[in-house]
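Undergrad: whatever this is, show me its structure:
(2 chains)
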Number of protein chains: 2
Amino acid sequence: MAREEKLAGVFDRIDRDKSRHISRIRRLLRQPSSSQEDLGIEECAELVGKMYSEVGCEKVEVVETKGNPVVYGECKGSSDRTLLAYFMYDTMPFNEPGWKHPAMGAKIVDMNLPSGKVKSIVNRGADNTKGPLAAFLNSVEACCKSEGRPPVNLILIAEGEEELGSPNLPAYVRKDKKRLSRSDACYFPFFGQEAAGGCTHFLGVKGVVYFEMTSSGKRWGRGPQEFAIHSANKAWVDSPVWRLIDALGTMSKDNGNEILIDGFHDDVAPPSKEERGLIKDLAKRIDPAGFKRTLKVKRFMAPDDRPEELMNLFTFGTTLNIDGIWGGYMEKGSKTVLPHEATCKVDIRLVPNQKKEKMMPLVRRHLDAHGYSDIMLKEIDTGYDWCSMSVKAPIVQAMLRCYRAFGHKPEIWPTSGGAVPFYVFNRILKLPFTMGGIGHSALPHSPNEYMVIQGNKKVASLTDTEKFNVRFMDEFARGN
Amino acid sequence: MAREEKLAGVFDRIDRDKSRHISRIRRLLRQPSSSQEDLGIEECAELVGKMYSEVGCEKVEVVETKGNPVVYGECKGSSDRTLLAYFMYDTMPFNEPGWKHPAMGAKIVDMNLPSGKVKSIVNRGADNTKGPLAAFLNSVEACCKSEGRPPVNLILIAEGEEELGSPNLPAYVRKDKKRLSRSDACYFPFFGQEAAGGCTHFLGVKGVVYFEMTSSGKRWGRGPQEFAIHSANKAWVDSPVWRLIDALGTMSKDNGNEILIDGFHDDVAPPSKEERGLIKDLAKRIDPAGFKRTLKVKRFMAPDDRPEELMNLFTFGTTLNIDGIWGGYMEKGSKTVLPHEATCKVDIRLVPNQKKEKMMPLVRRHLDAHGYSDIMLKEIDTGYDWCSMSVKAPIVQAMLRCYRAFGHKPEIWPTSGGAVPFYVFNRILKLPFTMGGIGHSALPHSPNEYMVIQGNKKVASLTDTEKFNVRFMDEFARGN
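TA: This is a model prediction of the structure:
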C-alpha cells in the first residue's frame, strides 16, 4: 500500500503542476533543433541540459561528439536499479508548406479525433520526439518534488542526430561505455496511442542500410563522360542510365519483391515460436482495411483475407526498396539527351539475424559478379542493426503491466518495421530495452505535427502520459 | 558569262550592304522568341513578316495555326522554278546561367577558333536558327536590289514551334497544300561549317518519337496510391518504381543497345548501295578521336579502329534512349520512402523505313504482352518521320556544286542523326529537299550561342554565307 500511496502523491503532483509541465514542453518545442539544417542544435542541447538540472538531475553534461552533442544526465533514485532513458532532441526541418499554425509557435488548438475532442500542441517535434522527452522530464520532476527522488537511478541520453541516422551515437556509447553500463535497461518513451485510442506495443525494430547507386559514364569509361549529350548519339554511344536499369534488374525480380542478391537471405532466421504465436494472435485481430486507409494503399502484397500472411510479410520481410531515382532531363517537354549518369537511393530493411555490416559488401560483390564493378555504391549514414526483445523479458512485462494499469490492452507486434538506434544500447551495452507509453501524437516529418495534452475517454491526457512514466519507473524499480 | 556577271552584281551588293545586313540579323536576334516560355512569339512573327516585305516579298501572311503562327511569304523570281525555304523563328529559352554577354544583346565579339580569329554575334538563336534565317533574307534583298528579283520563285515558311517539336506544322502544310505544292524543292539554310572550317553535308535526318512512361500505384492498383509512404511498408506494399525498372528491363538488354520490343526492327531497311558506298568512303576519312573530344565521350560502341562499323552504327542505328528518369526522394540524405510513382522519358530514333505512327502502338503492345498494361505511355510532341535524299538528286548536286564554288569539299553523310521536320515537306508535299550552307555558328541550346560574321581563311564570313545562298538559288533556277 505504501507503494501505491507514494505513486498517488506523485500523480497528485503531476495534476497540480499540469500548466507548469505544459509550459516546459512548449519551451522545449519552441527552441528550433533541425539537425539536417544545423539550426538551433547547440541552443537546444543547452536547453535540454538546463531542463535536466531543473527537474532534479545531479549531474548534467553536454558531451561533445564528432557531430552534435549528446546531453547526458544522472538522477539518483531510491532503488539500486538503473534505467537508461534514450531521447532525441533534434527534429526534421519545419520550413515545408502546409502549416496551419506556426511550426515553432507551440500553439494549443482544439482538434476532433475519431475518438473525440482533444486539445493539442501543434509544433515540429511535438510527436517526434521532443514532446515525449519533455513529458518524461516532467515525470522525473514530479517524483523529485513529491518523493525527493525517482523510483530508479536514471541515466538520460539525448542525442541530436537521430534525424541524420545517429552517425555518432555508437562511438559515443562505446566511449562512455563504463558509466552507461551501470544501466539495467533502456527505455524510449513516446506517445503510443493511435488517434482512435488503440495501443500497439512493439518488441523490436528492423535494421536499415541506406545507400546510393550511381551509374556514371566517367566511371564506366563508356557513354557521355561529363555532361548529357544530344540523344542522336545514342546510336553510337552507350547509355549509363540503361546500365543502371540493367544493374537493378539483376538485383531483384517481381517488382522488387524477390531479392536476387546472392547471400542476401543467408542470415535470415526463421521466426521464433513466440513470434509465430504473436503473429497468429495478431492475425485474428488486425484490420487490413484500416491500415490501407491510413497508408492510402489499395492492395497489400497478400490479400486481406490472409492476415497471417500479411503480418508475416510486414514482420519478417527483409526488403530492397528504391527510395528515389533520377537522371537526365526531368522537366516538361521533350529535350532529347543521352545523360552521363543516373542515381538511385536504396534502403534495405534488416530482420533477425541479418547483419548491417554484411549488406554493403554483399551488394558490391553482387554487382561485381554481374559485371557492374563500375556502378558506384555510397552508403548514406551508418545504418542501424535490428534488435528485438522477448515478450517475456521483465522490462517488457513491466511495460505491459503499466498499460493494463491505465486501462489499455496493447496489441503486441514483434517489430515496428521502422528503425530506431536501440541496437546501440542493446548490442554494445547488452541492455534489454522497451519503448512506448500512452498519449497520442501524430504527423512526424509532416506539417501540423501535434501532441495531445488534454485527451478524451480513449486517448490519454498529458497528465496520464506522465503518470505512466512514473508507474513504469516504479515497476522497473521493483526488479521487473 | 551573263550569269556570272549577274551573280557578281549581287555579290557586290552583298559586300556593300554588309553593315546593313548585320543590322538586320541583330534586329531579329534581339527580338525574344522562346516558344517553350511563350515569350515574344507574336512580336517575332510580326517582325519576320515585316522583314519578308522589306527584302522584296510581294505577299506576306502571318498565318494562324492551333499554336504559334507560321509566317508565309512569296517572292517572284526570274525563272519558273520555285524553292520553298523552311525557317524557324522560335528559339530555346535563354535564362540559363553561363552567358558571358547578354543573351539578347547581339553583341559583336572577337573570338579565337581552331581555324583562327573571327568576329561573331553572341545571342540566343544566332546558330539555331534565326541567324541563318536573317542571312537568307539578306541574300534575297541583295538579289532584288541588284536584279529586281531572285533567280527563283521563293515560298518562305517560318514556323514558331520547332523547339516544341513542330506540333502544328503538318496540319498547316496540309491545309496550305495547294499553294505550297507549287514548290519544286525545299531548302533549310544553316551555317554548315565546323569551327575548324570543315564542312559536312547531310542527305537526310532520322525520325524521332518521344514519350513518357509512368508506373503509378494508382493506375496499377498496387503500391502507394497517392503519395510516398514510409519505406518500412515495402515489406507488405508493392513498389511502382521497381515495376518501372522491370518494365524497362523487358524492353532492352545490353545497356539499352539491344532493343527487345517485338516488331521494332520489322520495317528497318538495309542500307542502299549508295549509302554503303558513302559509309565506306567516310570510314576512310573520319576521325573518331575528334568526335569523342567534342562529345566528351571516351569510347564509342565500336572501337576507333573500326570506323566503318562506327559510321554504320551512327547512320543506320535505330535507338531506344532514356532521356531522363525520376521518382521518389531525390535530395540529399536518407529519407526512407516507398514512392507512389516513377516516370522516365524515352526517345526512339527512326531510320528508313520505320514509321513513326507504328512506334507507340508497338511499345504499348509490348508492355501489354509482358503484363504491364498499367504502365502509362504519353507521347510528347507529334514526332518526326525520317527522310533522306540520294546524293544524285539534282538539288543535292546543286548544293555540292555551290560548296565547290566556294572552295569547300564537304563530307557527305547519309543522315545528320538528328531530327528536323523535313518529312512534312518531303512526305506531305513530296518535295526533294536539301539543307546546309557555309559559315560557322555553334552552341545551340547552350549559353554563348554565336554565329561568325567575319571569318578567316577557313571559316566563311557572313558575306560568303549570303553569296552561297544566292549561288544556290541560281543553280536551282537552272533546273538542277
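Undergrad: is it true that A:Lys284 lies in a helix?
TA: Yes - counting by DSSP: H, G, I helix; E, B strand; the rest coil, A:Lys284 is found in a helix.
Undergrad: tally of neighbours for it?
TA: If you count neighbours by other CB atoms under 10 Å in any protein chain shown, A:Lys284 ends up with 8. From N, CA and C alone the C-beta is placed, and that goes for glycine too.
Undergrad: against chain B, how distant is it?
TA: Distance, A:Lys284 to chain B, using CB to the nearest CB, to the nearest Å: 18 Å.
Undergrad: contact partners for that residue?
TA: A:Pro307 (CB atoms under 8 Å, 6 or more residues apart in numbering or on different chains).
Undergrad: confidence score at it?
TA: Reading off the confidence values, A:Lys284 has pLDDT 93.
Undergrad: ok and the residue in the stretch 251-400 of chain A nearest chain B?
TA: A:Gly256 (3.0 Å; CB to the nearest CB).
Undergrad: surely that residue is in contact with B:Trp242?
TA: Yes - with contact defined as CB atoms under 8 Å, A:Gly256 reaches B:Trp242; the gap is 3.0 Å.
Undergrad: which one is the residue of the stretch 101-250 of chain A found nearest chain B nearest to, not counting chain neighbours?
TA: With CB to the nearest CB as the measure, A:Trp242 is the residue of the stretch 101-250 of chain A nearest to chain B, at 2.9 Å. Spatial nearest neighbour of A:Trp242, chain neighbours left out: B:Gly256 (2.9 Å); criterion: CB to CB, 6 or more residues apart in numbering or on different chains.
Undergrad: surely that neighbour touches B:Gly317?
TA: No - in terms of CB under 8 Å, B:Gly256 does not count as a neighbour of B:Gly317; the distance is 11.5 Å.
Undergrad: which of the helices or strands spans whatever residue of the stretch 351-480 of chain A ends up closest to chain B?
TA: Chain B sits closest to A:Gly417 of the stretch 351-480 of chain A, with a gap of 3.7 Å, by CB to the nearest CB. Using DSSP states H and E, A:Gly417 sits in no helix or strand.
Undergrad: could I get the full set of strands for the stretch 51-200 of chain A?
TA: Here the stretch 51-200 of chain A has its strands, by DSSP state E, counting those that start in this stretch, at A:59-63, A:70-75, A:82-88, A:107-113, A:116-122, A:153-159, A:185-189, A:200-202.
Undergrad: helix, strand, or coil at the residue of the stretch 101-250 of chain A closest to chain B?
TA: helix.
Undergrad: that one reaches B:Ser252, doesn't it?
TA: Yes - using CB under 8 Å, A:Trp242 is in contact with B:Ser252, at 6.5 Å.
Undergrad: neighbour count for those two, which is higher?
TA: A:Trp242 (27 against 22).
Undergrad: so A:Arg24, which of the three states?
TA: On the basis of three-state DSSP, A:Arg24 is classed as helix.
Undergrad: oh, that last question was meant for A:Leu313, not what I typed.
TA: helix.
Undergrad: where does the stretch 1-150 of chain A come near chain B, residue by residue?
TA: Contact residues, the stretch 1-150 of chain A versus chain B (CB under 8 Å from any CB of the partner chain): A:Gln36.
Undergrad: just for the stretch 1-150 of chain A, where's the confidence low?
TA: The stretch 1-150 of chain A contains residues with pLDDT under 70 at A:1.
Undergrad: looking at it, what residue ends up closest to chain B?
TA: Counting by CB to the nearest CB, the stretch 1-150 of chain A gets nearest to chain B through A:Gln36 (6.6 Å).
Undergrad: related to what we said a few turns ago, who's more crowded, B:Gly256 and B:Gly317?
TA: Taking neighbours as other CB under 10 Å, B:Gly256 and B:Gly317 compare with B:Gly256 leading, 25 against 20.
Undergrad: skipping adjacent residues, who's closest to A:Lys117 in space?
TA: A:Asn456 (6.1 Å).
Undergrad: what of A:Met359?
TA: In space, and not counting its chain neighbours, A:Met359 is closest to A:Val209: 4.5 Å by CB to CB, 6+ apart.
Undergrad: so that neighbour sits against A:Lys345, correct?
TA: No - using CB under 8 Å, A:Val209 is not in contact with A:Lys345; the gap is 11.7 Å.
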